[in-house]
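Chemist: coords please:
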Amino acid sequence: MNNFGHILSAERKSRGISQHRLANEVETTQRHLSFLETGRSKPSREMIIRLAEALQMSLSQRSELFESAGFTSPYKSRSMDSQSIRQTIHILENYVLSNWPFPGIIMDPEMNILSFNQSAKILFMLPDHSDTPMNVYDILLSNGFMERVQNWEELSWAVYLRLRRQARKHPQFQQKLESYEASGLFDDAIKRLANSSDVPPFIPILMEFEDGTKLQFTSIEAGLSTVHDDILSGITIEMVLPLNGVSDQIIRSLAKAN
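Modeler: Down below sits the predicted model:
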């Protein structure tokens, strides 16, 4: 089995897909697919694209598949400092954050904060500059933020489950998750979730400030469509959404604060 065949076979088996099923999805025969996996046949570029789509491979995996077959990959490896990535983030800042009337935060695939608007700075108590990357979980799980949240017991469910999902997608989150679990931060969240007979469709954030101001809001997560880059596919914009008229007016006013 050649390198291409080994990768193809491993990716197929890891997804629990049979040769027969995959062959049907890429419009070829099981015999030809078997020959591709054993190295008796060489794939065309079109077949590689079909296989990658059928297996829902990441862009980096697709690049590896092309190169293992002896082709130059059309998927370029970029870093956060790449000009095209910086330009895209600049577009998101100018046309999304600047026009969204509520707090908005741009995050990289590791949930580090790349940019934010004025109202996000005030609501989440973000510094103008930081020498080290600010992770959104470090903000949400900071004493300052949690002390303002009135329904932290319920909200901790959502934060905990979201962090677990991130840990499955990005191994670097596993250590962060284990650290929070070891501290006992999510003990009540796990117990409450296990004993709940009615999990709500979504959990609002109920926040009260020192002056008695109360807010009710949630957030929506947005990302770019038609993406063909691993970094850009992981960049998200977290946008706060008020849940009543009073919260709407108060949060809108944050954008005008100095």
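
Chemist: Scan the chain for its longest strand.
Modeler: Assignment by DSSP state E gives strand 214-223 as the longest strand of the chain.

Chemist: Partner strands of that strand and their direction?
Modeler: Sheet pairing of strand 214-223 (DSSP bridges) gives strand 205-208 (antiparallel), strand 236-242 (antiparallel).

Chemist: Ser119 is nearest to which of those?
Modeler: Closest to Ser119 of the strands paired with strand 214-223, according to C-beta to C-beta: strand 236-242, at 7.7 Å. Just so you know, the C-beta spots here come from the backbone N, C-alpha and C atoms, and that holds for glycine as well.

Chemist: Return the set of buried residues in the closest one.
Modeler: Thr236, Ile237, Glu238, Met239, Val240, Pro242 (16 or more other C-beta atoms under 10 Å).

Chemist: Relative to Val96, how far out is the fourth one?
Modeler: In this case it means Met239. 8 Å (C-beta to C-beta, to the nearest Å).

Chemist: One more: the first one?
Modeler: When distance is defined by C-beta to C-beta, Thr236 is 11 Å away from Val96.

Chemist: joint contacts of these two?
Modeler: Applying C-beta atoms under 8 Å, 6 or more residues apart in numbering, one finds that Thr236 and Val96 are jointly contacted by Ala222.

Chemist: Any idea which helix or strand in this structure has the lowest mean pLDDT?
Modeler: helix 187-195 (a mean of 76; mean pLDDT, DSSP states H and E).

Chemist: And for Glu11, the neighbour number?
Modeler: Residues lying near Glu11 (other C-beta atoms under 10 Å) number 19.

Chemist: Counting by contacts, list what the longest helix along the chain packs against.
Modeler: Counting residues, the longest helix in the chain under DSSP state H turns out to be helix 152-169. Helix 152-169 sits against helix 136-140, helix 172-182, helix 187-195, with contacts defined as 3 or more C-beta pairs under 8 Å, 6 or more residues apart in numbering; DSSP states H and E.

Chemist: Out of these, which is the most enclosed?
Modeler: Comparing those by mean neighbour count (mean count of other C-beta atoms under 10 Å), helix 136-140 ranks first with a mean of 17.

Chemist: Give the next helix or strand downstream of that one.
Modeler: Note on helix 136-140: by DSSP states H and E, the next helix or strand toward the C-terminus is helix 143-148.

Chemist: separation between the residue of the chain most remote from its centre and Met47?
Modeler: Centroid-distance maximum for the chain: Arg40 at 39.1 Å, with C-alpha atoms, centre = their mean. Distance from Arg40 to Met47, counting by C-beta to C-beta: 14 Å.

Chemist: Kindly report the same for Val246.
Modeler: Spatial separation of Val246 from Met47 under the definition C-beta to C-beta is 58 Å.
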